[in-house]
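Visitor: My questions concern the predicted model and sequence given below.
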Amino acid sequence: MIADRPPSSRVALAGSPERPVPHGFDQAMSSPVPASPATLPLRQPATVLVVDDEPRLQETTRRVLDDEFEVLTAGSADEARAILQERAVSVILCDQRMPGQTGVEFLCEVRETWPDVVRIIVSGYTDSEDIVAGINRAGIHQFILKPWLPDHLIETVRQAAEAQSLQHDMRRLDLELRGSVPLLRRRSHEKLARVQSEFGFDSIVRSPGSPLDPVCVLAAKLARYDLSLLILGESGTGKELLARAIHYGSPRAAGPFVVENCAAVADTLLESELFGHKRGAFTGAFQDHTGLFQQANGGTIFLDEIGDMSLSFQVKLLRVLQEGEVRPVGSTRAVPVDVRVIAATHRDLEREVEAGRFREDLYYRIATATLSMPPLRERSGDLVPIAQKLLQDIAGQVPQRGGLAFAGNALAVLLSYPWPGNIRELRNEIYRAVALSDDDLIRADAFSPKVLRGQPATPGASGMVMHATTGTLQERLDAMEAMLIKEALLRHRWNRTRVAAELGLSRAGLRQKMQRFGLEERT
């Protein structure tokens, strides 16, 4: 089944397969005693229903899927409805724009009548309203844009069919285990222990003696008490990671962990996202929606970038925190909630309060205790283990590149850059380098020019980056010259002939400058 929440929010519940989790976590959450392949029952091919009013596209889709699935076709919603009444279908591929009834409208009906069927919408139009409507109303598993690639279509349908099959197996196992309370309790504790190990404070990558150590020690102490916390730090420093560790180190660990980025949603939508709404409360409210505060009941809600919230909405949030209840939009009844609030922002909220941009009473309500995440440039000792962990994660997402490793000169380049975008920027840079590398050894020349220069790209008078900001004129010129030579060497993989030609130097002149500036090749 597809969750009813919109894509801007994410819900994490211990043991739930529907929340976004790091790569490999689904394997960690599986049964500790996997069944032998010889004991698994043989499965019939999954049945896929293709609904499209164009016969040519029906036939094309059938030919692509026919080798692996049993494919049924329908030219309209009425034909598809008749098939569903007679046949068991695992996956529906439905075109969005059809005469009489749109794909989203039909899949909403499918969701009500045949909720186990995995629903996929196919469209040649990039209408964002259709996409959002499909996710919110019809529980769409995937949105495929025409013209699709055969391999992508097969893989998408394969994953949808597997999800439906696993859901069926889980329902059957739940029925078998319903009477075994001790076994269920033990397995629940085992899964919770795995989750806590996966997301606890030890999972925050850092080196011995890291500036993050005292932050984690303080956070671990505060986690035991039901206090509202405020996490400060630049964007990309890992504030959400720390908030998740606090949740799983608290007495609320068995409850849900819900995340909302307050800067990514307008006030009119944020109220509905956090507090929920009733059907018909506003245009587009086709059904009741449970807000994130209710979804987080018994657990923790993480409000990221709370400093970007408008003053008018701050009043509404303050009332919820004071009263311990929410009132969905369009409802006359308040709903009590038991939620721990962890907020985060990259802004200096005390200055925002002084400037009148943030309410003082709300600030003291959310900041019972404050934690500060140091930026990556102040954690140089952590950069190498973080980069290694990010490379491992990327390797796990790209199976054909499983043996990825950094060359020595690559790590030296990473250490020379200040990373204003912090860990998020580091991950993007490593992903880019992996994509541009011809083999599994990531070399320095695969990084972007700004990282090779060792400074963020801030244009000067001639569009270049000035490194040295102190010293004599000659010292500054030497620093600039060394930077240009180093960048060229890395870009040309230390081919001195090419570097000398590019810079207008002889090989002997280049060698002298390299010796003068201490530029030696590092592999």
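Guide: Cool, the structure landed.

Visitor: Just the terminal-to-terminal distance for stretch 485-502.
Guide: Distances were taken as Cα to Cα, to the nearest Å; on that basis the terminal residues of stretch 485-502 are 10 Å apart.

Visitor: Which residues in that stretch does the neighbour count mark as buried?
Guide: Taking 16 or more other Cβ atoms under 10 Å as the neighbour-count basis, stretch 485-502 is seen to contain the buried residues 485-492, 494, 496, 499-500. (Glycine included, C-beta is placed from N, CA and C.)

Visitor: same thing with stretch 432-441?
Guide: 433-434, 437.

Visitor: With distance to residue 226 and pLDDT as extra columns, can I get these in TSV?
Guide: Converted to TSV, those look like this (distance: Cβ to Cβ, whole Å; pLDDT from 0 to 100):
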residue	distance to residue 226	pLDDT
433	43	91
434	42	90
437	48	87
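
Visitor: ok, so of those residues, who is nearest residue 327?
Guide: Ranked by distance to residue 327 (Cβ to Cβ), the buried residues of stretch 432-441 are led by residue 434 at 48.2 Å.

Visitor: Could I get the phi/psi values of the closest one?
Guide: In this entry, residue 434 is assigned phi and psi values of phi -60, psi -40 (degrees, to the nearest 10).

Visitor: Next one: it from residue 384, what distance?
Guide: With distances taken as Cβ to Cβ, to the nearest Å, residue 434 is found 17 Å from residue 384.

Visitor: Following element in sequence after the helix or strand hosting residue 111, please.
Guide: If you go by DSSP states H and E, residue 111 is part of helix 103-113. Per DSSP H and E, helix 103-113 leads on to strand 118-123 as the next helix or strand towards the C-terminus.

Visitor: what about the longest helix belonging to the chain, distance to the chain center?
Guide: When every helix of the chain is counted residue by residue (DSSP state H), the longest turns out to be helix 150-177. Averaging C-alpha coordinates over helix 150-177 and over its chain gives two centres that are 22 Å apart (Cα atoms, centre = their mean, to the nearest Å).

Visitor: one step back: now, which of the buried residues of stretch 485-502 sits nearest residue 59?
Guide: Taking Cβ to Cβ as the measure, residue 59 sits nearest to residue 491 out of the buried residues of stretch 485-502, at 50.7 Å.

Visitor: Surely the closest one is in contact with residue 443?
Guide: No: under the criterion of Cβ atoms under 8 Å, residue 491 lies out of contact with residue 443, with a separation of 10.7 Å.

Visitor: so after the lowest-mean-pLDDT helix or strand in the chain, what's the next helix or strand?
Guide: When each helix and strand of the chain is scored by mean pLDDT, DSSP states H and E, helix 25-28 comes last, with a mean of 33. Using DSSP H and E, the helix or strand that directly follows helix 25-28 along the chain is strand 47-51.

Visitor: neighbours around residue 443, how many?
Guide: The number of residues packed near residue 443 is 21, by other Cβ atoms under 10 Å.

Visitor: and the closest residue to it other than its chain neighbours, backbone torsions?
Guide: Sequence neighbours aside, residue 407 is the residue nearest to residue 443 in space, at 4.6 Å (criterion: Cβ to Cβ, 6 or more residues apart in numbering). When read as degrees, to the nearest 10, the backbone of residue 407 gives phi -80, psi 160.

Visitor: Against residue 486, how distant is residue 407?
Guide: 15 Å.

Visitor: just residue 76 next, same as before
Guide: Look at residue 76 and residue 486: by Cβ to Cβ, they are 65 Å apart.

Visitor: What of residue 366?
Guide: The span separating residue 366 from residue 486 equals 46 Å under the rule Cβ to Cβ.

Visitor: Could you do residue 334 as well?
Guide: According to Cβ to Cβ, residue 334 stands 63 Å off from residue 486.

Visitor: swap in residue 472?
Guide: With the distance defined as Cβ to Cβ, residue 472 ends up 21 Å from residue 486.

Visitor: how big is the angle separating whichever helix or strand residue 185 is part of from helix 150-177?
Guide: Residue 185 is part of helix 181-199 when elements are defined by DSSP H and E. Per axes from the mean of the first three to the mean of the last three Cα atoms, to 10 degrees, the angle that helix 181-199 makes with helix 150-177 is 140 degrees.

Visitor: Any idea how far the helix or strand just after helix 181-199 is from the middle of the chain?
Guide: Using DSSP H and E, the helix or strand that follows helix 181-199 towards the C-terminus is helix 213-223. Distance of helix 213-223 from the chain centroid (Cα atoms, centre = their mean) equals 24 Å.

Visitor: Pull stretch 333-340 out as CSV, backbone CA atoms only.
Guide: In CSV, the C-alpha atoms belonging to stretch 333-340 read as follows (Å, rounded to 0.1, in the frame of the first residue of the first chain):
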residue,chain,number,x,y,z
ARG,A,333,-12.7,19.5,17.1
ALA,A,334,-9.2,19.5,18.6
VAL,A,335,-7.2,16.3,18.6
PRO,A,336,-4.8,15.7,21.6
VAL,A,337,-1.2,14.7,20.6
ASP,A,338,1.7,13.5,22.6
VAL,A,339,4.8,14.6,20.6
ARG,A,340,8.3,15.6,21.3
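
Visitor: Touching that stretch from outside, list them.
Guide: Taking Cβ atoms under 8 Å, 6 or more residues apart in numbering as the criterion, the residues outside stretch 333-340 that touch it are 226-228, 247, 250, 252, 276, 293-294, 296-301, 320, 323-328.

Visitor: who's in contact with residue 117?
Guide: Applying Cβ under 8 Å, 6+ apart to residue 117 gives the contacts 84, 89-92, 110, 164.

Visitor: try 6 Å this time
Guide: For residue 117, the residues meeting the contact criterion (Cβ atoms under 6 Å, 6 or more residues apart in numbering) are 89, 92, 110.

Visitor: Out of the residues you listed, which is nearest to residue 288?
Guide: Using Cβ to Cβ, residue 110 is the member of those that lies nearest residue 288, at 19.2 Å.

Visitor: what number of residues lie near the closest one?
Guide: As a burial measure, the neighbour count of residue 110 was computed by other Cβ under 10 Å and equals 24.
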